[in-house]
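Trainee: any chance you could fold what I've pasted below:
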Amino acid sequence: MTKRAFISQADLQRMAKVAKLEGVTVWVEIDGKKVGVSPYVPADHREDMEEDEDICL
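Mentor: This is a model prediction of the structure:
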């Protein structure tokens, strides 16, 4: 029997959607475990970004 995941696939997909639309890293902490989702940013566009903005849920 496998252990239940502490974050659901639906939650990860929601986080990924926000990260992609807003261009930020989204973090969630559950029971002391932190999970972050970042959008894919091509290397040539990273210099254009001023600062990474984090959204903590």
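Trainee: how much space separates the residue nearest the centre of the chain from residue 10?
Mentor: Centroid-nearest residue in the chain, with Cα atoms, centre = their mean: residue 37, separated by 1.8 Å. With the distance defined as Cβ to Cβ, to the nearest Å, residue 37 ends up 13 Å from residue 10. In short, each C-beta sits where N, CA and C put it, glycine included.
Trainee: helices and strands around the host helix or strand of residue 12, which ones?
Mentor: Counting by DSSP states H and E, the element that carries residue 12 is helix 9-22. Counting contacts by 3 or more Cβ pairs under 8 Å, 6 or more residues apart in numbering; DSSP states H and E, helix 9-22 is packed against strand 25-30, strand 33-37.
Trainee: pairing partners for the last one, with directions?
Mentor: Partner strands for strand 33-37, per DSSP bridges, with pairing direction: strand 25-30 (antiparallel).
Trainee: now the partner strand: average pLDDT?
Mentor: Average pLDDT, strand 25-30: 91.
Trainee: good, wrapping up.
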